[in-house]
Structures are given as C-alpha cells and as structure tokens.
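Trainee: Need the 3D shape of this:
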Amino acid sequence: MLKNYFKIAFRTLWKNKAYAFINIIGLAIGIAGATLFLTFVKAELSFDKMHSKSDRIVRPLTIQTNLDEHRYHGANPMILATTLLEELPEIEDQVTLYRYGNQINYKVNDQNFTDRDFFFTTPELFRVFDFKLLRGDARTALAQPKSVVISRSKAIAVFGTEDVLGKVILTQGGNVEITGVMEDIPDNSHLFAELFFSELLPPNLMESVKNSWTDFNSTSYLVLQEGISHDAFETKASDLALSKMPQNVASMVRFEFQNLEDIHFESAHIESDIARFKSDKTYTTIFIFISLFLVVIAAVNYMNLATSKAVFRAKEIGIRKVVGAERKQLIAQILTESLVIAFIGLFISIAITDITMPFFNQLTGRNFEFSWYSLLNYADILIGLTVVIGVLSGIYPALFMTGFKTVNILKGEQVKGGSFNIRKALVIFQFILSTVLIISTLVVSNQMSFIKNRNLGFNQENLLVIDINNGAVRPVFKTMKNEFAQIPGVESVGVASRVPGEWKNINRVEVSAFNKGGAVMDSTELYYMSFDPDMLKTFDIKLADGTFFSGNDVSDSTKILINEAAVKSLGIENPIGATLQLETRSGDGKYTIIGVLKDFNYQSLHTSIEPLIVGAWNNEAAVIDYFILKVSGQNISGIIDEARKVHEKFDNRTVMEYHFLDQQLETFYESDRQAQVIFTVGAGLSIFIACLGLFGLASFTIQKRVKELGIRKVLGASEWKLFMLLSGSFTRQILLAFVIASPIAYWIMNNWLQNFEYRVRVGVDVFLLSGLGVLFIAIVTVSYRALRAANSNPVNSLRSE
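Mentor: Numbering: from 1, shown residues only. You can find the predicted model right below:
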C-alpha cells in the first residue's frame with residue numbers, strides 16, 4: 001500500500017510539473033532559511049551547556065550597594081570561593097580565574113608574543129569545566145606553579161605543531177613549562193582562553209592575593225551539590241562572605257550567584273565581566289519567530305495551491321471512493337504526496353544551505369560548519385522542519401479533498417477549489433508575516449543608519465589607537481609621542497587612559513563637592529579619563545566653557561575638566577574655578593575645574609551620556625594606556641609600518657597592538673547589525689516564498705476562469721479591465737494584510753528601539769514604503785499571468801463550448 005502511495009505521488013508530481021516546481025522550491029527555500037536561523041538559535045541556547053555539571057555551576061557576582069543605582073560586577077575576592085568551599089557543605093568544588101594586566105607578553109625562540117586570551121587559574125579548572133585535554137593529565141596539568149595549558153590552535157601558531165608538551169615559554173615571571181594541550185574552546189562558551197597559567201606571581205604577593213577580602217580581581221565558579229536550593233544557598237553564602245569581610249567593605253556590597261547557563265543572556269548589565277559573548281534573548285526569540293514565519297509561509301503556499309487544484313482532482317478522488325478507498329487511505333495518500341514534496345525540497349534545501357552557510361557565518365560572526373560530514377549535527381533541525389512542513393501543509397488539503405461528496409462529483413457537478421474565504425485568509429496571513437518583517441527591516445536599517453551618521457561629539461575617523469602594553473614606555477611617552485608625530489601622514493598625537501568610544505571598562509572615581517562653608521558633601525562615583533593637552537585637537541572635542549590643559553605638567557596635575565552632564569549631576573552653578581575632591585591611588589586630593597566639555601558620546605548609543613571627569617595625563621586617578629594618532633592620506637599601511645618601528649625602538653618586549661577607533665566602535669552594535677541582517681534576509685525570503693505561492697495561485701485561478709475571460713472579452717471587455725479584474729482581488733488582500741500588519745510591526749519595533757537611548761522615530765514613511773513595496777511586488781508577480789490571460793485569443797478558450 002505504501003509503495004502505491006509513493007508511486008501515485010510521483011506520478012501526480014510529474015503530471016503537474018509547474019505545480020510541483022513552485023511547491024518544491026518554496027518549501028526548499030523555507031527549510032533552508034529556517035535551518036540557518038535555527039542553527040544560530042540552537043548555538044545561542046547551547047551556551048555553556050557542554051559541561052557535565054553546567055546545571056550546578058554558579059559564579060559569584062559582587063553588587064555594589066552604596067550607590068543610588070546598584071552596580072553588578074563579575075568579579076570577587078579570590079578567598080571567597082575557598083572560604084565557601086571550606087565552610088559550606090552545599091559546595092562540591094570550586095575554581096578561580098584571575099588576570100593581572102590585560103595582556104601577557106612572552107618569548108619563544110627570541111620572538112615576542114602578546115596575548116589577551118589568557119587566565120591565571122587554580123588547579124581545579126579541569127574538574128569544574130569539561131575542557132578536553134589532547135595532551136597532558138587534566139588532574140595535574142596546573143598543579144605546579146609556572147605551568148601552562150595551551151590551546152591546540154595557539155600551539156600550532158607559536159610552535160608550528162601541537163606536540164609541545166614540556167616546551168618552555170619565557171614570561172616576565174620566568175620560564176613556564178607547557179604541561180597540557182587542550183582542544184580549542186568552542187564558540188558557545190562564555191569563558192574563552194588560549195592560555196591557562198598556574199601561579200606565576202611571586203609567592204609573597206600570591207599569598208597576599210589569596211587571603212585578601214578587598215582584592216576584587218578574580219572570577220570564581222562554584223559547583224553545588226545535587227538538589228541544592230539556589231535561593232537558600234545564595235542567602236547563606238552571601239551572609240557568610242559578608243561576615244568575613246572588613247566592615248567598611250561589607251557595608252557597601254552583597255553577593256549574588258549567577259547560574260552558568262544564564263551568563264550568556266543575563267549579563268548585559270554586568271561590569272568587570274570575562275564573558276566573551278553576551279547576547280539578548282529577545283533576538284533569539286525573534287529568530288525563532290522568523291523561522292516559524294518561513295515554515296508557515298511555505299506551508300500556506302502548499303495549502304493554497306493544493307486546495308485550488310482540488311477542482312482538477314475531484315474525479316480522481318470520487319473514483320477512488322467508488323472502488324472502495326476509505327477516507328483515511330485517501331488522507332494518507334495526499335499526506336504522502338505532501339511529504340514527498342517536502343523531502344524533495346529537503347534535499348534541495350541542503351544544497352542551498354551549503355552554498356549560503358559561509359555567507360551566513362560572515363553575517364553572524366560565527367563559524368558554523370555545514371558539510372556532508374557535519375550533516376548529522378543538523379539532522380534534528382532538517383528532518384524536524386521537513387516533517388512539520390510536510391504534515392502542516394498536507395493536512396488541510398487532505399481533509400478538504402477527501403470531504404467531496406462522491407455522488408455530486410460523478411454527476412459532473414462543479415467542485416470549487418476550496419473555500420475562497422479560507423484561501424483568501426491564507427494569502428492575507430502570508431503577507432501579514434512578510435509585511436511585518438519588511439517594516440521591521442526598514443526600522444532596523446534606519447536605526448543603524450542613524451547610529452552610523454550621528455555626530456558623537458568628537459572625531460572618530462582616521463584615528464589609529466596604539467595600546468601601551470609595557471609599563472617601561474610610560475616614563476618616556478613624550479619622546480615616543482614626538483617620534484610618532486614625525487611620521488608622514490600623522491597630523492596629531494594624543495595620549496589618554498581611555499578613549500572616547502571606549503570598549504573596555506572606564507575608570508570611576510569617588511567625587512565630592514564642597515558646600516558654601518567648605519565642608520565635603522556626600523560623594524558619588526563618576527566616570528574618569530586622563531588626557532594629555534593634545535587630546536582636544538586629536539579628537540576635536542568642543543569646550544562649552546573655560547580652557548583645556550596648558551601643557552605645564554605641574555599646574556595641570558591639579559586641574560580637571562567635567563562634561564555638561566557632570567555639571568547637572570553635581571549641581572554646580574558656576575563650575576569654572578570650583579573645587580572637587582577626587583579619591584585617587586595616593587589618597588584624596590583637591591582639583592580645580594578649569595573647563596566644561598560639551599557632552600559627547602564616549603560610550604554606546606544604547607546608553608545616555610553619563611557625567612565624566614577628565615584629568616591630566618599625570619593625574620593619580622588613572623595611568624595613560626593609549627597613543628592616539630590622527631592620520632591622513634592614502635598610505636595607511638605605511639603609517640602603521642613606521643609606527644611599528646617607533647614602537648619597537650621603545651618597547652622591544654611586546655608586539656604593537658593597534659586598531660582604528662571607528663572600526664572598534666562598530667563592535668558596540670554587533671548584535672544589532674546581526675539583527676538587521678537577519679530581518680533583511682528573513683523579509684526577503686518570506687516575500688519571495690509568498691510571491692512564489694501567489695504566482696501559482698494566480699495561475700490556477702486564471703486557469704479556472706479562462707472561459708469566463710473569453711466571454712467577457714467577446715462582450716467587449718478591454719484588456720485593461722480584464723487585468724484589473726484578475727489582479728483586483730489579490731490587491732485587496734495585500735492591502736488588508738498591510739492594515740493588519742502595521743500595528744503589529746509598530747509594537748514590535750517600538751519595543752526594540754527602547755534598547756537605545758538615542759533612536760529614530762517609527763515614521764509613517766516606513767509604513768507607506770513597506771505597503772507600496774509589497775503591493776508593487778505582488779502586482780508584478782501576478783501581472784505576467786494576468787496580462788497573458790487578458791491578451792489571449794477568446795476563440796481558443798471558447799472553441800469547446
């Protein structure tokens with residue numbers, strides 16, 4: 001019986017090639033698009049779940065409670081984890097990671113290397129996390145000081161082979177032996193490193209760090225025992241930790257414990273965080289819905305075409321019933337036909353996915369592998385989508401066509417191709433989904449264009465930022481700066497602790513104003529940067545009032561500038577000449593305000609401009625960390641080469657690390673740009689699939705009305721009137737879809753735009769452009785068939801009458 005079902009299905013498809021082609025291509029594109037999006041979703045939802053204990057691992061978060069708005073930090077004292085393990089039976093194991101400095105410099109065969117993807121860690125790392133060791137013993141790899149576990153990729157990059165066990169690298173802390181080679185950490189891990197070092201600090205300093213309750217420079221992970229209540233543990237652990245801390249520190253903080261599997265989606269607000277990727281679950285939800293849209297639109301195509309074609313299969317169904325076929329057998333036959341189409345579409349979709357996956361990887365910044373070797377990894381998505389689409393698209397036509405009355409069919413009574421209202425509703429539903437995606441795409445594109453073109457309040461173009469990675473450079477930075485300035489094409493050079501548009505954590509300082517009586521008022525925390533006198537010119541930052549630094553290091557060291565937001569925040573009526581107290585590394589100091597900077601966006605446009613203090617380069621609040629070169633001309637690579645020579649002259653220990661500021665700023669909006677691409681691709685695929693179905697539906701509609709059109713033409717109807725008659729009903733359906741889709745899209749996009757402090761308005765022009773665009777595409781889709789029918793010779797259609 002099943003063999004017969006397949007035979008009839010293939011015979012029917014071969015007989016109706018155009019019908020089969022439209023359905024197969026529509027389903028193939030729908031499956032391929034949904035596969036791409038769901039691959040991304042699957043990866044997002046799998047973050048940090050590769051570890052066998054992932055559901056029991058938590059990390060401490062330090063919450064700073066002495067501010068009006070609490071601040072969350074992904075860092076804690078190293079002693080916290082060991083103390084909790086010793087005193088709380090709820091904890092099974094722990095590991096702590098830490099860094100001193102943002103990079104580590106080392107030598108191999110007299111060649112310098114600089115890495116930022118590294119951690120110092122305790123020996124328990126491979127007990128807590130299931131990172132795979134290719135060489136070495138996970139139990140002992142980090143047990144001894146001055147050991148390192150290196151990733152396979154890093155070993156090959158540095159040594160040319162992964163067989164590096166026992167080899168030595170030279171660091172500032174001395175020779176370090178490679179005791180393990182691990183498989184590269186996968187992309188779906190928030191924790192990423194290519195080098196894990198054991199203890200490297202001097203023993204006395206290491207002991208000090210291990211026993212300090214005030215050194216918040218570590219990130220710990222705790223493994224809880226099975227069945228432990230998270231809330232009860234959190235209260236107990238936080239209370240215990242606070243009881244151990246100095247009272248003045250304990251009064252300003254508390255601890256929460258974040259589940260490992262929540263880190264990827266729930267860490268946008270966390271500072272001092274080592275998470276490599278952070279994401280918004282909203283986007284994942286949107287991608288799931290877009291995938292469903294594509295599946296539903298493709299399935300609706302099949303339903304529409306199948307029910308429209310029912311009129312041509314009525315006698316076939318009637319005869320089968322007469323010779324004894326039961327309804328369930330006929331339903332199984334029609335479902336088999338839809339599943340055959342879906343699985344043919346599946347094989348075509350595999351080819352489409354294979355071709356488009358590199359492009360998709362480029363758009364999403366991921367590295368998904370799709371090949372015949374990795375096909376099994378996608379089997380659940382591919383087969384699941386195919387079966388769902390096959391059943392979903394076939395069930396209604398099966399129930400509809402098997403519901404024909406046999407007597408009426410065999411009497412020769414006209415059978416309608418399905419309820420017109422149902423088919424109309426399906427077309428409207430398709431175009432509602434497509435229109436929502438198109439409107440969303442335009443809004444996201446407008447917002448991204450707004451971000452790209454917005455005046456941030458400073459120059460961001462042609463700025464080459466060079467990191468200061470060697471402390472020995474700072475005492476001679478002026479000489480080095482002068483040599484940078486001599487490079488042809490370099491217009492100016494500035495030096496700063498942080499740069500506008502900063503992507504790292506920006507320093508904060510405790511700031512206190514003085515009342516009229518000279519008494520210190522309550523302190524508050526403000527962002528802080530150190531600039532040298534040339535930063536104003538290099539970044540083209542504007543002064544609202546006062547002056548900038550003079551270049552006299554002695555006098556500048558006691559001067560500061562604040563931005564307009566800080567003037568409002570501190571409530572200073574006449575800021576120029578006013579005094580503020582700043583808490584620096586050498587203690588509290590009084591600083592005179594000499595200027596007010598116009599507000600500029602030194603952070604992402606997702607946030608408002610925060611109050612900022614700018615001190616001189618030699619202010620104790622922060623050390624300088626960057627040279628910034630304003631460059632011009634076409635020979636950028638030549639400027640970089642010359643800059644590298646200057647760097648090597650003053651720093652022969654580290655590799656020159658550099659980037660262009662405008663490119664770095666784009667990282668603020670990486671997930672937003674990905675959303676833009678996903679919306680654009682989703683909208684394009686959905687409208688294409690919908691129009692493919694519309695074309696097929698128009699073809700069958702015209703085929704059914706061919707004699708009616710011939711009679712109308714004989715009676716004097718013009719070709720234009722016939723065209724309007726044929727396209728009018730579809731036009732009304734598209735317009736109705738637009739009316740329904742507009743408020744839905746407005747609600748979705750208005751909520752999305754709330755993520756930005758600075759954003760565009762969802763204007764009427766977006767809706768008009770979307771509506772006219774969809775209408776134009778739909779009319780063009782049906783116009784070929786409509787014009788061909790209107791121009792046909794009525795003699796041919798009426799000859800048989």
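
Trainee: Start from the N-terminal end of the stretch 1-150 of the chain and give the strands.
Mentor: Listed in chain order, the strands of the stretch 1-150 of the chain (DSSP state E, counting those that start in this stretch) span 57-64, 71-73, 91-98, 104-108, 111-115, 118-121, 133-135, 147-151.

Trainee: could you dump these to TSV with mean neighbour count and mean pLDDT?
Mentor: Using the backbone N, CA and C atoms, a C-beta is placed for each residue, glycine as well. Shown next, in TSV, are the strands of the stretch 1-150 of the chain (neighbours: other CB atoms under 10 Å; pLDDT from 0 to 100):
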stretch	mean neighbour count	mean pLDDT
strand 57-64	22	93
strand 71-73	17	85
strand 91-98	20	94
strand 104-108	19	87
strand 111-115	15	85
strand 118-121	22	92
strand 133-135	17	93
strand 147-151	25	94
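
Trainee: Check the offset of the longest strand along the chain from the chain's centre.
Mentor: As assigned by DSSP state E, the longest strand anywhere in the chain is strand 587-597. Put simply, strand 587-597 sits 40 Å off its chain's centre (CA atoms, centre = their mean, to the nearest Å).

Trainee: how many other residues sit next to Asp625?
Mentor: Neighbour count of Asp625, defined by other CB atoms under 10 Å: 21.

Trainee: Also Val436?
Mentor: Residues within reach of Val436, counting by other CB under 10 Å, total 28.

Trainee: returning to that earlier point: mind putting the strands of the stretch 1-150 of the chain into TSV with distance to Leu205?
Mentor: As requested, the strands of the stretch 1-150 of the chain are exported to TSV (distance: least, CB to CB, whole Å):
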stretch	distance to Leu205
strand 57-64	22
strand 71-73	22
strand 91-98	12
strand 104-108	16
strand 111-115	21
strand 118-121	12
strand 133-135	29
strand 147-151	18
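
Trainee: which stretch among those comes nearest Leu561?
Mentor: Across those, Leu561 has its closest neighbour in strand 71-73 (24.3 Å, CB to CB).

Trainee: Which secondary structure state does Thr179 sit in?
Mentor: The local conformation at Thr179, judged by DSSP: H, G, I helix; E, B strand; the rest coil, is strand.

Trainee: residue contacts, it?
Mentor: Shown in contact with Thr179 (CB atoms under 8 Å, 6 or more residues apart in numbering): 136, 140-142, 144, 147-149, 165.

Trainee: what does Ser729 give?
Mentor: Ser729 neighbours (CB under 8 Å, 6+ apart): Lys424.

Trainee: can you give me the strands for the stretch 651-800 of the chain?
Mentor: Counting by DSSP E, counting those that start in this stretch, the stretch 651-800 of the chain has strands at residues 658-660.

Trainee: picking that back up, tell me the first helix or strand C-terminal of the longest strand of the chain.
Mentor: Proceeding C-terminally, strand 587-597 gives way to strand 612-616 as the next helix or strand, assigned by DSSP states H and E.

Trainee: and the next element down the chain from that next one?
Mentor: Next in line after strand 612-616, if elements are assigned by DSSP H and E, sits strand 626-631.

Trainee: Quick one: mean pLDDT over the longest helix seen in the chain.
Mentor: In the chain, ranked by residue count with DSSP state H as the criterion, the top helix is helix 327-364. Average pLDDT, helix 327-364: 79.

Trainee: Just the buried residues of it, please?
Mentor: Buried residues in helix 327-364, defined by neighbour count with 16 or more other CB atoms under 10 Å: 329-346, 348-350, 352-353, 356-357, 360-361, 363-364.

Trainee: In the stretch 301-450 of the chain, where is pLDDT below threshold?
Mentor: 302-327, 329-330, 371-375, 393-394, 396-423 (pLDDT under 70).

Trainee: In the sheet, which strands lie alongside the longest strand of the chain, parallel or antiparallel?
Mentor: strand 543-546 (antiparallel), strand 559-563 (parallel), strand 579-584 (antiparallel) (DSSP bridges).

Trainee: hey, least reliable of those strands by pLDDT?
Mentor: Lowest mean pLDDT of the strands paired with strand 587-597: strand 579-584, a mean of 84.

Trainee: That one relative to strand 612-616, how many degrees between them?
Mentor: Taking axes from the mean of the first three to the mean of the last three CA atoms, to 10 degrees, one finds strand 579-584 and strand 612-616 inclined to each other by 80 degrees.

Trainee: And the contacts of strand 579-584?
Mentor: By CB under 8 Å, 6+ apart, the list of residues contacting strand 579-584 from outside reads 509-514, 520, 523, 528, 560, 562, 570, 588-593, 613, 615, 619-621.

Trainee: Now the buried members of those residues.
Mentor: Going by neighbour count (16+ other CB under 10 Å), the contacts of strand 579-584 have 509, 511-513, 523, 528, 560, 562, 570, 589, 591, 593, 613, 615, 619-621 buried.

Trainee: now the strands for the stretch 251-400 of the chain?
Mentor: Counting by DSSP E, counting those that start in this stretch, the strands of the stretch 251-400 of the chain are 253-259, 270-271.

Trainee: which non-adjacent residue is nearest Ala138?
Mentor: Distances taken as CB to CB, 6 or more residues apart in numbering put Phe126 closest to Ala138, at 3.8 Å, once the chain neighbours are dropped.

Trainee: how many neighbours does the one you found have?
Mentor: 23.

Trainee: Check the gap between it and Arg139 for me.
Mentor: Going from Phe126 to Arg139 by CB to CB, to the nearest Å gives 7 Å.

Trainee: now do Ala275
Mentor: On the measure of CB to CB, Ala275 and Arg139 end up 27 Å apart.

Trainee: Who has more neighbours out of the two?
Mentor: Between Ala275 and Arg139, counting by other CB under 10 Å, Ala275 is the more crowded of the two (20 against 11).

Trainee: Surely the more buried one is in contact with Phe265?
Mentor: No: taking contacts as CB atoms under 8 Å, Ala275 lies outside contact range of Phe265: 10.4 Å.

Trainee: residues contacting Val567?
Mentor: Val567 touches 575, 596, counting by CB under 8 Å, 6+ apart.
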